[in-house]
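K.L.:
model the structure of this input:
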Amino acid sequence: MVYKIVSFLLCGAAVAFAADDGFNAKDHNDWGTYYDPQNIFCGSFDCYKILGFDYEEFGKNVPDSKVITKRYRSLSRYWHPDKNKAKDAKDRFVKIARAYEVLTAKDKREEYDFLRYDQGAYFEKYGSGVLFKYAPKSDVLFVIFLILSLGSILSWHLQKQQWQLIANRLIRAAVQDLPRSEGGT
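P.N.:
Take a look at the predicted model:
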């Protein structure tokens, strides 16, 4: 009986709270945003925010690997697809694992911290072509038809104006019985 109580207390506390810092895995939904179009790190989410840390509030108290591991274990237990039946549990579990991988590997974490505010360096290293997205392909025949139709309409309108001008002069000459020198017949 004592073993079950201790086991429940240890497992229950680990799921709901990371030991000392009062982190609640169930209520943690703010994953922040990060611009990572190549999905080198955590995609469109902030790796620190995924694990419940706020990079802006670190100051000199940067979390070490032990604290990161506690948060990772707490979140991964809660969001494990076998235990959590939410629709997005698997995706969240994968993102949590990726954030843990980035923040515990020293070289990846240093690169992530460096590229966090230097997007120029990010584009220099991983390519600037990620800024451009091509428009979906258009039907070539439709575009050609549209251009020819617009050209035809413009040509018809200009010719109509020319013929209208000539017709107006002829009508005026016939009505007013103008001499030949002024355009009459």
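K.L.:
could you report the pLDDT at the spatially most central residue of the chain?
P.N.:
Nearest residue to the geometric centre of the chain (C-alpha atoms, centre = their mean): residue 44, 6.6 Å. Residue 44 carries a pLDDT value of 83.
K.L.:
wait, it touches residue 33, no?
P.N.:
Yes: at 6.2 Å, residue 44 and residue 33 qualify as touching, with contact defined as C-beta atoms under 8 Å. The C-beta positions use only the backbone N, C-alpha and C, and glycine is treated the same way.
K.L.:
and the helices in the protein?
P.N.:
2-16, 47-50, 65-79, 89-104, 106-115, 119-126, 140-176 (DSSP state H).
K.L.:
run through the protein and note the low-pLDDT ranges.
P.N.:
Scanning the chain for pLDDT under 70 picks out the ranges 1-22, 59-60, 127-135, 183-185.
K.L.:
I'd like to know how far the residue located most distally from the centre of it sits from residue 23.
P.N.:
Residue farthest from the centre of the chain, counting by C-alpha atoms, centre = their mean, is residue 179 at 75.5 Å. When C-beta to C-beta, to the nearest Å is the yardstick, residue 179 and residue 23 sit 102 Å from each other.
K.L.:
repeat that for residue 35.
P.N.:
26 Å.
K.L.:
higher neighbour count, the two?
P.N.:
residue 23 (19 against 11; other C-beta atoms under 10 Å).
K.L.:
ok, residue 40 - contacts?
P.N.:
Shown in contact with residue 40 (C-beta atoms under 8 Å, 6 or more residues apart in numbering): residue 126.
K.L.:
picking that back up, roughly how far apart are the residue farthest from the centre of the chain and residue 111?
P.N.:
With C-beta to C-beta as the criterion, residue 179 and residue 111 are 91 Å apart.
K.L.:
then residue 125?
P.N.:
With distances taken as C-beta to C-beta, residue 125 is found 9 Å from residue 111.
K.L.:
higher neighbour count, these two?
P.N.:
residue 111 (17 against 13).
K.L.:
tell me how far the more buried one lies from residue 159.
P.N.:
Going from residue 111 to residue 159 by C-beta to C-beta gives 66 Å.
K.L.:
skip the chain neighbours and tell me the closest residue to residue 84.
P.N.:
Leaving aside its sequence neighbours, residue 84 sits nearest to residue 78 (C-beta to C-beta, 6 or more residues apart in numbering; 6.4 Å).
K.L.:
swap in residue 25?
P.N.:
residue 78 (4.0 Å).
K.L.:
pull the number of nearby residues for that neighbour.
P.N.:
Residue 78, neighbours per other C-beta under 10 Å, totals 20.
K.L.:
quick check, it in contact with residue 24.
P.N.:
No: taking contacts as C-beta under 8 Å, residue 78 lies outside contact range of residue 24: 9.5 Å.
K.L.:
any idea how far residue 182 is from the residue nearest to residue 25?
P.N.:
Counting by C-beta to C-beta - residue 78 and residue 182 are separated by 96 Å.
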